[in-house]
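S.K.: okay, predicted coordinates and the sequence, questions at the end:
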Amino acid sequence: MPGRSIDPGLVPGYATALLLPALLDHARLTMSQPAIWLILTAVTGRFPSVDKVRRVLRSLRLDPPEEVEQIVLSLATETASRSRIDLPMRVVTSPVIDVDTSGRSDYQSGIHRVVRETVSRWVQHHSVELAIWDDTHRVMRSAAPREVGRVTRFGGEFIAGVDDANYEQELIVPWNTVVVLPDVPLGSPAEVLTGIAECSGNELAAIGYDLIPITSAETRPLHEAAAAGEWLVPLKSARRIAGISSSATAEFRGFAHMLSAQGLMGPNVEEIRLPATTPPSWFTRTGHTEHLIPRIVVSGTREPHKNHDAVLYAAERLWSEGLVFEVRLVGGNGWTDRHLGDTIARLKGGGRSLVDLGRVSEEELWSELAEADAVVFLSLHEGYGLPVVEALAVGTPVLTTSYGSQGEIARDGGCLTADPRDEESIVSALRRLVSEPELRQTLAQEARERARVSWDQYASELWDFLVEDLEVAP
């Protein structure tokens with residue numbers, strides 16, 4: 001309207017036009033990569049890659065101020081479709097915890113369990129910021145109340161009373177702090193995570209679960225090998241990785257050792273072994289009585305490296321010999337079950353004592369483990385093997401793999417072992433487990449006597465290694 005003044009602060013880009021020259025002048029004086037990283041984050045609404053930070057740094061050294069400004073603004077326009085300049089930005093100096101997968105999903109896998117058990121304890125004892133990757137996977141945002149609930153109160157009524165209606169997203173920008181990766185992102189933020197690790201002045205720390213998609217690629221879909229390779233890129237610049245077992249630690253130390261060929265120091269990799277887990281607080285087990293027909297629970301997601309085919313082959317061999325026992329399959333389908341479905345249908349059609357429960361609830365899982373006379377988990381390759389320690393936690397003996405992380409768990413008692421690649425070894429071990437009640441009783445007693453490391457202890461030790469003892473330069 002004529003004669004009406006306009007508040008310049010309401011003009012799009014006004015604040016940027018006013019502040020950007022001064023901010024770039026400061027960056028020119030210091031030649032600080034973190035300062036450039038922060039400026040680009042604010043202007044573009046996304047975390048910049050290493051290449052973009054270096055491009056601006058080179059321009060600051062070589063070009064007049066107006067050309068540097070043009071480069072920065074051009075970076076904002078070329079990434080506009082994948083940026084969140086529409087959201088307010090909050091700079092965070094407390095440790096930032098990436099809980100993307102566990103915050104978005106109601107699913108509970110081994111990794112989800114580790115994230116939820118540890119982060120829920122960190123929230124109680126430390127000042128942290130829980131962050132989720134925006135759908136562009138180029139910047140972190142604040143976690144919504146429901147997402148926080150999935151991480152910190154999972155297994156209870158985490159959605160009761162949770163209201164996301166008043167939740168307003170903010171961009172979360174870590175500054176002079178530690179970015180912790182206990183989760184594995186659903187998307188592909190490797191490029192911007194590398195920028196955080198190399199250019200932002202923040203430190204990157206992670207839990208190392210396994211490198212199965214690379215070292216046992218024949219058991220996983222091919223695209224996972226590429227995704228895992230991409231995921232290793234930012235870990236090259238991470239300061240610390242906590243391996244969940246001796247086996248996982250060896251894999252990540254091997255990765256770190258290879259980086260010397262690139263002139264890189266690589267991360268410090270130490271073993272912070274997962275605890276011999278305890279049942280949830282709401283679970284109460286009464287005394288176990290052996291069934292007239294031995295009940296064998298086969299636990300785990302149905303995927304090739306979990307080795308269900310070999311276990312069912314061994315069971316069929318023993319049924320053919322006249323041994324009487326029941327097999328109960330507990331676990332949902334993974335990326336592929338190959339011909340497992342046909343095998344299950346054939347065995348059930350032939351009248352074999354096979355019960356297919358599929359994916360079950362947390363309550364049903366713990367009940368099945370506790371009521372079993374034995375649990376079988378003979379995976380070809382695991383970073384740890386939570387199904388083994390879950391069964392042992394309720395005093396149920398386990399037949400598991402003789403090597404790797406499962407072999408590590410077995411050494412502390414309660415387990416019979418076999419070579420999962422040797423079918424005769426599996427048949428022999430399963431025969432003993434089914435036909436020798438005294439062996440099951442001995443193993444059950446060993447399971448009850450195993451030393452327990454609590455999730456409280458694990459979370460505290462993990463925090464000390466990944467966060468507390470990691471100094472960040474101001």
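M.R.: Received it, and whenever you're ready, just let me know what you need.
S.K.: how much space separates the spatially most central residue of the chain from Gly195?
M.R.: When the chain is reduced to its mean C-alpha position, the nearest residue by CA atoms, centre = their mean turns out to be Asp183, at 3.3 Å. Counting by CB to CB, to the nearest Å, the separation of Asp183 from Gly195 is 19 Å. (C-beta placed from N, C-alpha, C; glycine too.)
S.K.: over to Glu66?
M.R.: Glu66 sits at a distance of 25 Å from Gly195 (criterion: CB to CB).
S.K.: and for Asp86?
M.R.: Asp86 sits at a distance of 21 Å from Gly195 (criterion: CB to CB).
S.K.: which one of those two is surrounded by more residues?
M.R.: Gly195 (26 against 8; other CB atoms under 10 Å).
S.K.: tell me which element that one is part of?
M.R.: Using DSSP states H and E, the secondary-structure element containing Gly195 is helix 190-199.
S.K.: what helices or strands is that helix leaning on?
M.R.: helix 33-44, helix 50-62, strand 178-181, strand 203-208, helix 222-235 (3 or more CB pairs under 8 Å, 6 or more residues apart in numbering; DSSP states H and E).
S.K.: the shortest one - what's its average pLDDT?
M.R.: So the one you mean is strand 178-181. Model confidence over strand 178-181 averages 97 on the pLDDT scale.
S.K.: and for stretch 135-144?
M.R.: Averaging the model's pLDDT scores along stretch 135-144 yields 92.
S.K.: list the contacts of that stretch.
M.R.: Here stretch 135-144 makes contact (CB atoms under 8 Å, 6 or more residues apart in numbering) with 41, 45-47, 79, 82-84, 87, 90, 96, 98-99, 103, 129-134, 151, 164, 167, 169-174, 185, 187-189, 192.
S.K.: among those residues, which ones are in strands?
M.R.: With strands identified by DSSP state E, the entries of the contacts of stretch 135-144 that belong to them are Arg90, Val96, Asp98, Glu129, Leu130, Ala131, Ile132, Trp133, Leu171, Ile172, Val173, Pro174.
S.K.: tell me the one of the residues you listed nearest His26?
M.R.: Comparing those against His26 with CB to CB picks out Val173 as the nearest, at 17.2 Å.
S.K.: if I pick the closest one, what's in contact with it?
M.R.: Contact criterion CB under 8 Å, 6+ apart gives Leu38, Thr41, Ala42, Met89, Arg90, Val91, Val92, Met140 as the residues in contact with Val173.
S.K.: could you redo the last one with a cut-off of 6 Å?
M.R.: The contact partners of Val173, by CB atoms under 6 Å, 6 or more residues apart in numbering, come to Thr41, Met89, Val91.
S.K.: do you know how far it is from Arg84?
M.R.: Taken as CB to CB, the spacing of Val173 relative to Arg84 amounts to 11 Å.
S.K.: pLDDT weak spots in the stretch 51-200 of the chain?
M.R.: 80, 155-162, 185-187 (pLDDT under 70).
S.K.: if we can go back for a sec, which stretch among the helices and strands packed on helix 190-199 comes nearest Glu270?
M.R.: Each of those was checked against Glu270 via CB to CB, and the shortest separation belongs to strand 203-208, namely 9.6 Å.
S.K.: what angle sits between that closest one and helix 222-235?
M.R.: With axes from the mean of the first three to the mean of the last three CA atoms, to 10 degrees as the basis, strand 203-208 and helix 222-235 are set at 140 degrees to each other.
S.K.: other SSEs contacting strand 203-208?
M.R.: For strand 203-208, the packing partners by 3 or more CB pairs under 6 Å, 6 or more residues apart in numbering; DSSP states H and E come out as strand 178-181, strand 240-243.
S.K.: other SSEs contacting the last one?
M.R.: With contacts defined as 3+ CB pairs under 6 Å, 6+ apart, the secondary structure elements packing on strand 240-243 are strand 203-208, helix 246-258, strand 268-271.
S.K.: any chance of JSON lines for those, columns distance to Val355 and mean neighbour count?
M.R.: Rendered in JSON lines, the data for the helices and strands packed on strand 240-243 read as follows (distance: least, CB to CB, whole Å; neighbours: other CB atoms under 10 Å):
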{"stretch": "strand 203-208", "distance to Val355": "35", "mean neighbour count": "26"}
{"stretch": "helix 246-258", "distance to Val355": "32", "mean neighbour count": "19"}
{"stretch": "strand 268-271", "distance to Val355": "38", "mean neighbour count": "18"}
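S.K.: rebuild those as a markdown table, extending it with distance to Val233 and mean pLDDT.
M.R.: Output for those, formatted as a markdown table (distance: least, CB to CB, whole Å; pLDDT from 0 to 100):
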| stretch | distance to Val233 | mean pLDDT |
| --- | --- | --- |
| strand 203-208 | 11 | 97 |
| helix 246-258 | 11 | 96 |
| strand 268-271 | 16 | 97 |
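S.K.: now do the same contact list for Leu318.
M.R.: Residues counted as contacts of Leu318 (CB under 6 Å, 6+ apart) are Arg431.
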